[in-house]
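Student: Build me a model from this:
(chains A and B)
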Amino acid sequence: MSSQLINITVALVSHLLVLVYYLVNLYQMYQEGGLVSSKVFTLWAIVIVAIIFLNIVGNILTYIVLSIVRAIKTGKADEERFIVDERDKLIELKGVRVSYISFSIGVLISMLTFVMGQPPLVMFSLLILSGILAEITGDIAQLHLYRRGV
Amino acid sequence: MEKRQVRNNIRKFRFFHNEMTQEQLAEKVGVTRQTIIAIESAKYAPSLELAFRIALVFGVPLEEVFSYTSEDEPA
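Tutor: Down below sits the predicted model:
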């Protein structure tokens, strides 16, 4: 399994964890009587910071663990093989395109809810949800392209 | 237009070059071993530059390493 594949898998797992956290909190708010703006925006901020933080920490930890494993296997430091080559960049670009399309659809749906008379908090909640789902679909697309070929 | 794909004889050339491994070839051309695996199994068509670099490693013209054939034709 290449280092890029492991990075994407780690990113996918962290995005799924953030999605679960977000949905659980939204459900709790709904159970307590509906969306409250201060709580929704606090949740927004937590989700965005969590995604950024988990991506950075995930990448660093993956790099460290892979380096240790490779050093144990080969008996030498192998830094230069953590390269991102043209195939990795092409797959990443295609994954970003899938994310972009997913997010655009999510934004459209969230705008439609506002047009149909739902409160703005519903639109904002759906916006962040579509952002998380866009990240997840992008990761899944990349994993699929690595398996199937470009 | 009939469906064609980029095929190659990299595995054969590696064998005739002191049984070069995929890792060794990957290091020489500046890509990962997984990319060489994907190229050999026709799951990835390399860029022109990468194709030239691979041909250069084996010291042969590009068209001896790579071919653009239809799926029915032998490589």
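Student: Which strands or helices does the lowest-mean-pLDDT helix or strand in chain A pack on?
Tutor: None of the helices or strands of chain A scores lower by mean pLDDT, DSSP states H and E than helix A:37-74, at a mean of 87. Packing partners of helix A:37-74 (3 or more Cβ pairs under 8 Å, 6 or more residues apart in numbering or on different chains; DSSP states H and E): helix A:3-31, helix A:120-148. Any C-beta I mention is one placed from the backbone N, CA and C, and that applies to glycine too.
Student: tell me the angle the first one makes with helix A:120-148.
Tutor: So that's helix A:3-31. 160 degrees (axes from the mean of the first three to the mean of the last three Cα atoms, to 10 degrees).
Student: next helix or strand past the longest helix along chain B?
Tutor: Using DSSP state H, we find that the single longest helix of chain B is helix B:48-58. Where DSSP states H and E defines the elements, the next helix or strand beyond helix B:48-58 is helix B:62-65.
Student: residues in contact with that next one?
Tutor: For helix B:62-65, the external contacting residues (Cβ atoms under 8 Å, 6 or more residues apart in numbering or on different chains) are B:Asn8, B:Asn9, B:Ile10, B:Phe13, B:Ala51, B:Phe52, B:Ile54, B:Ala55, B:Phe58.
Student: pretty sure the last one contacts B:Phe15?
Tutor: No. In this structure B:Phe58 lies outside contact range of B:Phe15 using Cβ atoms under 8 Å: 10.9 Å.
Student: Name the residue in the two with the higher neighbour count.
Tutor: More crowded of B:Phe58 and B:Phe15, by other Cβ atoms under 10 Å in any protein chain shown: B:Phe58, with 19 against 11.
Student: Excluding residues flanking it in the chain, which one is nearest the more buried one?
Tutor: Distances taken as Cβ to Cβ, 6 or more residues apart in numbering or on different chains place B:Phe13 nearest to B:Phe58, at 4.5 Å, with adjacent residues excluded.
Student: Okay then, goodbye and thanks.
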